[in-house]
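Undergrad: Output the structure for:
(one chain, ligands or ions: 1)
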Amino acid sequence: MSSTHVGTGGWAGAAWWVILFTALTVLFIKYVICIILEPIWWKPMRIVRKMQSQGIKARPYQLLGGDFPEMMKLVEAAQSEPMTVISHDIVPRILPFLGPWCASLGTIYVFWLGTASPTLNVVDPEMIKEILSTKSSCFQRAASEKKVLNEFIGKGIFTIEDDEWTHHRRIINSMFHTEKLKKDSCYEVEVCEEFYKLAMDIFSRTAYGNNHKQLKKFGRLQVELKKLVLSPSQIVWTIVIPGYSILPTPNNRHINRIKRNMNRILDEIIQARLQRAESGKLRDYGNDLLGCLLYESEAGDHETKGRKKLSINDVIDESHSLLFAGHDTTANLLTWTIMLLSLHPQWQESARNEVLEICNGKPIDDEKLRGFKIVTMILQEVLRLYPAVADLTRVAVKNTTIQGWIIPEGLQVWMPILQLHRDPEQWGDDALEFRPDRFAGGVSKACKNPQSYIPFSCGQRTCVGQTFAMMEAKVALSMILQRFSFQLSSKYKHGQATRGVLHPQFGMPVIFHKLTSFE
Ligand code: HEM
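TA: Next up is the predicted model:
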């Protein structure tokens, strides 16, 4: 009797345990499903429904990488051959998906830039102004872009946010004060065909002192790294597979080897600077960019008024960002300028006459640079047609309204600068032509809405080096114009690609003729 009783009670107790265990397991599975489904399905679909309820169409959802793998395939196909004619209609080559998608979905639509990343295509200049300027606190750089940039240039000013960004930006800004640029960057440079090396040399001398030999090697490694990290397949894998960069693939191992070498060069430069300061050969750490960064680092003994000091690793990471942004962009500006002035010899001649008249055989200084009206217009027009940065991406970090559209938290926005700079609505029917004189009355007269011209972006995260870049381009161009006339070689093939920045895909062979006045 009692044993039966005990037995039944035991079974009942066991049954309760089974029920409890099953319930907990079901709850746990539901919880795991929620954790997985919320970011990859529910949240993105909520965002898309919100946009669809406002009349905006969306591309169909794709799980891994979203539309990105298809975009990359289209880009590869569009760039597989040189262009048959020299034309500035390069949107179908650089952003080949834009035309067909706009035709079927309208100019404002949602596509998938990365895994579960609904992204709004934005070309309206007023919306862009709000996103980048007036409502910039509601947006940050998108996660997929940060992933790729972190792989290439490490964690620095491009990828950090909030207080950390404000702190780093303030330090870096101080180096680009016009007073400092006037004093430090007006030295005579040899004109060379290799703008990449020239721009690296100028930037490294100005920002990193007397280390240009080491930084030349750094520059070579950066070119190699760029090819590996920013190759279409590596970008797709980095975005699609979380943690892809730590897998021991041959490419990743090669990338890590190059990064270690680059870090070693920067570390040697930093340690040498610290030693010079310690031995009293320098007051503080020097007043170039490296000096400013070290002054604010844990190596500096000054009071930071509660602000966190930069670590030496922060200084190394920022150096990767600045050494890349500081020369690749300007090198391409000069390259495209030489191409366009070769195609338009009358503008080459006008620019040369202006430079010869203003310089009159004397060295270039700040006052002369301010007198370069034609040269400035030419550079502005080059930056319109061939902006180094072809598009910008941000992600909304809180719900906001932009020009009447409700933008939910988590929605990415994508702003194709290249398209904006060629919009005939803004620039007129000659938008695809090289016409520097459209800038004769300044940007506000060149287009309907000045917000349609953003080669350096705008708002608080506008390019920190724009004054430096324009100054450097004017100095280099004026020196070339005074010494040489130039034309494209018959070997030149017209084609563009983006790997970090918009660059000539098949190189830019140019024939220079020494001017008789400089024989
Ligand atoms: C023709 C030359 C240049 C062009 C067209 C250009 C363009 C741009 C653009 C469009 C951005 C915004 C990127 C974004 O928000 O995603 C940017 C940011 C930046 N640029 Fe430049 N740039 C040029 C030269 C330079 C130079 C010489 C430096 C010197 C260090 C520099 C340093 C930076 C930095 C540090 C940022 C990030 C700013 C931040 O996030 O606070 N750039 N640039």
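Undergrad: for Thr119, helix, strand, or coil?
TA: Classification of Thr119 into helix, strand or coil gives strand, according to DSSP: H, G, I helix; E, B strand; the rest coil.
Undergrad: quick one: contacts for the residue in the stretch 1-150 of the chain positioned nearest to the ligand?
TA: Nearest residue of the stretch 1-150 of the chain to the ligand, counting by Cβ to the nearest ligand atom: Arg141, 6.5 Å away. For the C-beta atoms, the positions are set from N, CA and C on the backbone; glycine is no exception. Shown in contact with Arg141 (Cβ atoms under 8 Å, 6 or more residues apart in numbering): Leu149, Phe158, Thr159, Glu161, Thr393, Arg394, Val395.
Undergrad: What does the pLDDT read for Phe518?
TA: Note for Phe518: predicted pLDDT of 59.
Undergrad: Please list the residues of the stretch 251-400 of the chain that sit near the ligand.
TA: Ser321, Leu322, Ala325, Gly326, Thr329, Thr330, Leu333, Leu383, Pro387, Ala388, Val389, Leu392 (Cβ under 6 Å from any ligand atom).
Undergrad: count of neighbours near the nearest residue to the third one once chain neighbours are set aside?
TA: The reference is to Ala325. Leaving aside its sequence neighbours, Ala325 sits nearest to Gly465 (Cβ to Cβ, 6 or more residues apart in numbering; 6.4 Å). Per other Cβ atoms under 10 Å, the neighbour tally for Gly465 reads 22.
Undergrad: With Gln460 instead?
TA: The burial count for Gln460: 12, using other Cβ under 10 Å.
Undergrad: thinking again about what came up before, how about CSV for the residues of the stretch 251-400 of the chain next to the ligand, with neighbour count, pLDDT and secondary structure added?
TA: Supplementary listing: those in CSV, determined by neighbours: other Cβ atoms under 10 Å; pLDDT from 0 to 100; DSSP: H, G, I helix; E, B strand; the rest coil:
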residue, neighbour count, pLDDT, secondary structure
Ser321, 21, 89, helix
Leu322, 24, 91, helix
Ala325, 23, 88, helix
Gly326, 25, 86, coil
Thr329, 24, 91, helix
Thr330, 27, 92, helix
Leu333, 27, 94, helix
Leu383, 25, 98, helix
Pro387, 24, 98, coil
Ala388, 23, 94, coil
Val389, 18, 96, coil
Leu392, 22, 96, strand
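Undergrad: Now, the contacts of Arg141 that are in helices?
TA: Using DSSP state H, the subset of the contacts of Arg141 located in helices is Leu149.
Undergrad: Closest to the ligand out of the contacts of Arg141?
TA: So of those, ranked by how close each gets to the ligand (Cβ to the nearest ligand atom), first place is Phe158, at 5.2 Å.
Undergrad: For the residue nearest to Asp284 when sequence neighbours are not counted, give me phi and psi.
TA: Leaving aside its sequence neighbours, Asp284 sits nearest to Tyr295 (Cβ to Cβ, 6+ apart; 5.6 Å). Main-chain dihedrals, Tyr295, degrees, to the nearest 10: phi -60, psi -40.
Undergrad: Tell me how many other residues surround Tyr295.
TA: 21.
Undergrad: repeat for the one 3 residues further on
TA: Using other Cβ under 10 Å, the number of residues around Glu298 comes to 14.
Undergrad: related to what we said a few turns ago, wait, which of the contacts of Arg141 is closest to Pro44?
TA: Comparing the contacts of Arg141 against Pro44 with Cβ to Cβ picks out Val395 as the nearest, at 12.2 Å.
Undergrad: What separation is there between that closest one and Glu161?
TA: For Val395, the distance to Glu161 equals 11 Å [Cβ to Cβ, to the nearest Å].
Undergrad: Same check on Ile94?
TA: 28 Å.
Undergrad: re the thing from before, mind giving me JSON lines with the contacts of Arg141 and columns for neighbour count and pLDDT?
TA: Formatted as JSON lines, the contacts of Arg141 follow (neighbours: other Cβ atoms under 10 Å; pLDDT from 0 to 100):
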{"residue": "Leu149", "neighbour count": "21", "pLDDT": "85"}
{"residue": "Phe158", "neighbour count": "22", "pLDDT": "84"}
{"residue": "Thr159", "neighbour count": "20", "pLDDT": "85"}
{"residue": "Glu161", "neighbour count": "12", "pLDDT": "83"}
{"residue": "Thr393", "neighbour count": "19", "pLDDT": "94"}
{"residue": "Arg394", "neighbour count": "23", "pLDDT": "96"}
{"residue": "Val395", "neighbour count": "21", "pLDDT": "96"}
